[in-house]
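Chemist: Predicted model and sequence below, questions to follow.
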Amino acid sequence: MAGKPAFPAATTVGTAIAAGDKVTVRFADGAVHVFTIVERNGIPEAGTVSSASPLGKALLGKHGGDDAHYRVGEKEFSIRIVTIIS
């Protein structure tokens, strides 16, 4: 990845992300999604992400306002954590 995309500032800052938290993320293309981090069998289309998935691993331990990056196959994704609800 050539450089980090520019993201606006987070709207709130919470504690470190853990399983069970509801997280709002903004992707580099501007798309905003809300996910609940689950221990198993996440279904992103249903709003859940497994803590063992590439996205889940990238989110765990991050805080509001943090940027995270993850890879799925050959594609790399950049996100910003906007809000965390524990």
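Modeler: Good, I have the coordinates. Numbering: from 1, shown residues only.

Chemist: mind listing the helices for the chain?
Modeler: Assigned by DSSP state H, the chain shows helices spanning 54-59.

Chemist: Can you show me the strands along it?
Modeler: Ranges of strands in the chain, per DSSP state E, are 22-27, 32-38, 48-50, 67-72, 75-85.

Chemist: Quick one: list the elements packing against the third one.
Modeler: When contacts are defined as 3 or more Cβ pairs under 8 Å, 6 or more residues apart in numbering; DSSP states H and E, strand 48-50 sits against strand 32-38, helix 54-59. Backbone N, C-alpha and C define where each C-beta goes, glycine included.

Chemist: average model confidence for that strand?
Modeler: Averaging pLDDT along strand 48-50 yields 96.

Chemist: again, but for stretch 60-79
Modeler: Stretch 60-79 shows an average pLDDT of 96 in the prediction.

Chemist: repeat for stretch 16-35
Modeler: Across stretch 16-35, the average pLDDT comes to 96.

Chemist: Contacts for that stretch next, please.
Modeler: 5, 7-8, 14, 36-39, 42, 44, 47-49, 51, 55, 59-63, 68, 77-86 (Cβ atoms under 8 Å, 6 or more residues apart in numbering).
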